[in-house]
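Student: next one to model:
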Amino acid sequence: MKRILIILILILTFVTTCRLVHLFEDENSVITTTTQSSTIKRSKIYLIDETNRIIPSDSTKNLGLIPLGNLININLKIRNGGNDILKINNVSILDKINCSNVSYNLSKTELNSYEETNFTISTKFDNTGDGSFRIEILSNDPNMPVFRVKFIGNVVNAIYVSEKTGDDSTGTGTMTSPYKTITKGLENLQNAGGLICVAAGSYTEDINMYGIHIASLYGGYYCDGATVDWNNRNIFSSEPNYITSISPASFYMPPISIMSNSGVPVDIEGFTINGSNSSPSEITTIYISYNCQNIVIKNNNISCGDSSGNIYGIKIESSNFIHIINNSITINKITTETCAIYNWNSSDIEIIDNRIQQITNPNDDNISFCGIRNNGGNNISIRNNNIQLPNLSEAGSSVNGIWLENASDMFIFNNRIENGESPEESSAIYLNNITNAQIADNIINTKTYIGIDINITANCDFNIRNNTIVLDTATDDVTGIYIENISGSIFNLNCYNNVLYIKNGNNKNGISPEDTNNNVKIINNTIVMNNSIFNKGINLIDNDSPLIENNIIFLNNINGINSDNEFAIYETASSSDPETILNNDVFGFKYFYYDFDAPIDERKIASLNDFNKSEKTNQRGVDTVRDNKSANPKFFNINDPINHGLKLQISSPQDVKQGGKSQVFLNNDRIYRPRTMPWSIGAYECDE
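Tutor: Next comes the predicted model:
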């Protein structure tokens, strides 16, 4: 008996230790033993750049072009992401190349949990050519006691321009004798690819880059009207002595045009750029065209102009390797076609960390707004953008957040799209004739008709995963995710870990595939809708054997509407019935299933027992519909889906928390917590 007791104690100790190690690997967890008797604390170091992005350890940070002789300040932050005090024990500057004097300023050396402090590195580079140095930060982070980052750059002789203190006639383009205009600086380039440093001021000129007259432009250098401090640059300040604005001299010209740069790198950074306010036709604020390559538009405030024709903030045509990063783009007027960023027939494009907004909600007929639009090209990456859509009310008006067509290999990650209402069909994300796309981690909180709208016309692969979609519009025909296979093409579609909350509208659909084939998988989604006249959790239209597993499909009966048209899964005009409807949790709907192909008196199935019987659901195989449940999932906070309120909680039913079964096992949930056996139904793994 003692031997058995000892064995049980050893097993319990081993299990507790394994659980402790497992929890320790999850940086978001509070590390506790199973008895909650003690708490393991740890610190965790993060290095954050000036755009609030994490710089990984052992990575390389490219500073781009660096003006010779200027003091360079690299403004960073150190953040403690752990639950114990982070102690910075030492900072070293190592492996200096072409920069003999490098210093740093660290505001604090001890940080409480989730506290951050400023960390500024200052240096001047000694000679032209490649320059670099490496920093090492020693701390008490148990997982990363030594944090290393290498900084590199290309040091060049710059041309200097100051609208307030310079002179195009007598100036020589040096720090002490700058030119007055950017155009003069471009005219005096010896070779294409130089750098022009521009002091604060108002520059009214048409900047046309072509031939050898191509250079990077750096704005944001301090100028008080009398003197310029070329060692003092702040591209994020709203103080007038740092603001460097460019406006067009000609009402029909973009203030900045770049054409045929022959691959010479161009970086435009730190400006306020204003479009024309008097053009009778199309206006564009920044125009990139004719086979440009290696262009970076970064850290600018871009204000689109006023026109009776089309309006574009940044327009890219027939170019490659263009990077649009961390710009603020403001739309001042909406016309028949208004677009903050428009790409036509260009490939290898990055559109990252931009903020798009409009300052007015016009009431004109037949107007159109799109935040980011792409037509043609391949390998397009659209990530981390914030798009605020306008509310349009007049006939013929439409709103789209991201509109992509006639292209391949699209990556749409972690964008936030909000607001947006129009009388015509509108979508937060719209894809047409796209071959291969990844749509993940986006937050859509709009009044559009459709959250994600996909029209498929060619052989392709799609992954729609880990998105949160909240639609709040009073119109009819509202759909969270809509996929239509127009051409009958063969494709693979994975739709998993998405959260959908359809608040209003009289004909609501959660996920609606149409004319799809048997490579469609709808797995571990959480679908919630407020009840109305017609509700369909998953709406199948003429589909060929999709796989529907482990989804929560929940009707929130808050409107007091007693409708006979409440269907968790609605199937109509199908070429064949679903291959598998397995292990879904359906709650609140009057009917579990509707099959248009069944006899009229057998189309609606209201009994869970009948729903799980293949002969009742007209399934061709005896095991194609089974193990479905009907339990209230007891969400954490159903009124806050954006902040993950549709998570499960400890009081949720056991067969929902740990009832996951699937032919396809997903490693992570909506917020990338690991799924463990037995896993949860729906988009979130239970916290328990």
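Student: which secondary element of the protein has the worst mean pLDDT?
Tutor: Ranked by mean pLDDT, DSSP states H and E, the weakest helix or strand in the chain is strand 31-32, scoring a mean of 26.
Student: quick one: strands adjacent to whichever strand or helix holds G131?
Tutor: Following DSSP states H and E, one finds G131 within strand 129-139. If you go by DSSP bridges, strand 129-139 pairs up with strand 86-97 (antiparallel), strand 146-156 (antiparallel).
Student: so what's R3 scoring on pLDDT?
Tutor: For R3, the pLDDT comes out at 46.
Student: any residues touching the host helix or strand of G313, and which ones?
Tutor: G313 belongs to strand 311-317 when assigned by DSSP H and E. Strand 311-317 is contacted by residues 275, 282-290, 292, 297, 302, 304-305, 322, 324, 327, 329, 331, 333-335, 337-346, 349, 356 when judged by Cβ atoms under 8 Å, 6 or more residues apart in numbering. (Glycine included, C-beta is placed from N, CA and C.)
Student: name the strands paired with it and say parallel or antiparallel.
Tutor: strand 283-289 (parallel), strand 338-344 (parallel).
Student: pipe the ones you listed into TSV and attach distance to A606 per row.
Tutor: Output for the strands paired with strand 311-317, formatted as TSV (distance: least, Cβ to Cβ, whole Å):
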stretch	distance to A606
strand 283-289	58
strand 338-344	48
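Student: dump the ones you listed into JSON lines; add mean neighbour count and distance to I552 as well.
Tutor: Formatted as JSON lines, the strands paired with strand 311-317 follow (neighbours: other Cβ atoms under 10 Å; distance: least, Cβ to Cβ, whole Å):
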{"stretch": "strand 283-289", "mean neighbour count": "25", "distance to I552": "45"}
{"stretch": "strand 338-344", "mean neighbour count": "24", "distance to I552": "36"}
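Student: the ones you listed: which one's closest to N386?
Tutor: The closest of those to N386 is strand 338-344. By Cβ to Cβ, the value is 11.2 Å.
Student: right, and the helix or strand after the closest one?
Tutor: strand 347-352.
Student: what's the next secondary structure element after that following strand?
Tutor: Strand 347-352 is succeeded, C-terminally, by strand 355-358 (DSSP H and E).
Student: that following strand packs against which elements?
Tutor: strand 328-331, strand 368-375, strand 386-391 (3 or more Cβ pairs under 8 Å, 6 or more residues apart in numbering; DSSP states H and E).
Student: let's see that with 10 Å instead.
Tutor: strand 328-331, strand 338-344, strand 368-375, strand 386-391, strand 416-421 (3 or more Cβ pairs under 10 Å, 6 or more residues apart in numbering; DSSP states H and E).
Student: contact partners of that strand?
Tutor: 301-302, 304, 313, 326-334, 338-341, 369-372, 385-391, 401, 416-419 (Cβ atoms under 10 Å, 6 or more residues apart in numbering).
Student: give me that answer again for 8 Å
Tutor: By Cβ under 8 Å, 6+ apart, strand 355-358 touches 313, 327-332, 334, 340-341, 369, 371-372, 385-390.
Student: buried subset of the residues you listed?
Tutor: Among those, those scoring as buried are 313, 327, 329-332, 334, 340-341, 369, 371-372, 385-390 (criterion: 16 or more other Cβ atoms under 10 Å).
Student: residues near S651, how many?
Tutor: 9 (other Cβ atoms under 10 Å).
Student: T676: what's it in contact with?
Tutor: E685.
Student: residue numbering should commence at 63 henceforth.
Tutor: Okay, using 63 as the starting number, the last item reads as T738.
Student: tell me the pLDDT at it?
Tutor: The model's pLDDT for T738 equals 81.
Student: can you list the residue ranges for helices in this structure?
Tutor: 64-86, 244-249, 670-673, 716-719 (DSSP state H).
Student: which of those has the lowest mean pLDDT?
Tutor: It's helix 64-86: among the helices of the chain, that one has the lowest mean pLDDT, namely a mean of 37.
Student: I figured F654 hits N690, correct?
Tutor: Yes: if you go by Cβ atoms under 8 Å, F654 and N690 touch, sitting 7.2 Å apart.
Student: what's the overlap in contacts for these two?
Tutor: 648, 670, 673.
Student: just the buried subset of the residues you listed, please.
Tutor: 648, 673.
Student: tell me the one of the shared contacts of F654 and N690 nearest T634?
Tutor: F673 (17.1 Å).
Student: how is the chain divided into domains?
Tutor: 64-102, 107-218 (automatic domain parsing).
Student: where among those domains is the average confidence lowest?
Tutor: domain 64-102 (a mean of 35).
Student: so F654 and N690 - more neighbours on which side?
Tutor: Comparing F654 with N690 by neighbour count (other Cβ under 10 Å), the higher total belongs to F654, at 28 against 22.
Student: which residues does the more buried one contact?
Tutor: Applying Cβ under 8 Å, 6+ apart, the residues near F654 are 629-631, 648, 667-670, 673, 690, 692.
Student: okay, and which of these map to strands?
Tutor: 629-631, 648, 667 (DSSP state E).
Student: which of those residues lies closest to A745?
Tutor: Distances from A745 to the ones in strands among the contacts of F654, taken by Cβ to Cβ, are shortest for V648, at 15.4 Å.
Student: quick one: residues contacting the closest one.
Tutor: V648 touches 599, 615-616, 630-631, 654, 670, 673, 690-692, counting by Cβ under 8 Å, 6+ apart.
Student: repeat the analysis, applying 7 Å as the threshold.
Tutor: 615, 630, 654, 690, 692 (Cβ atoms under 7 Å, 6 or more residues apart in numbering).
Student: hey, what's the closest residue to K170 other than its chain neighbours bridged with?
Tutor: Excluding its sequence neighbours, the residue lying closest to K170 (Cβ to Cβ, 6 or more residues apart in numbering) is T179, at 4.1 Å. With beta bridges defined as DSSP bridges, T179 has these partners: I140.
Student: was I right to think D657 contacts Y632?
Tutor: No: the criterion here is Cβ atoms under 7 Å, and D657 misses it with Y632 at 8.8 Å.
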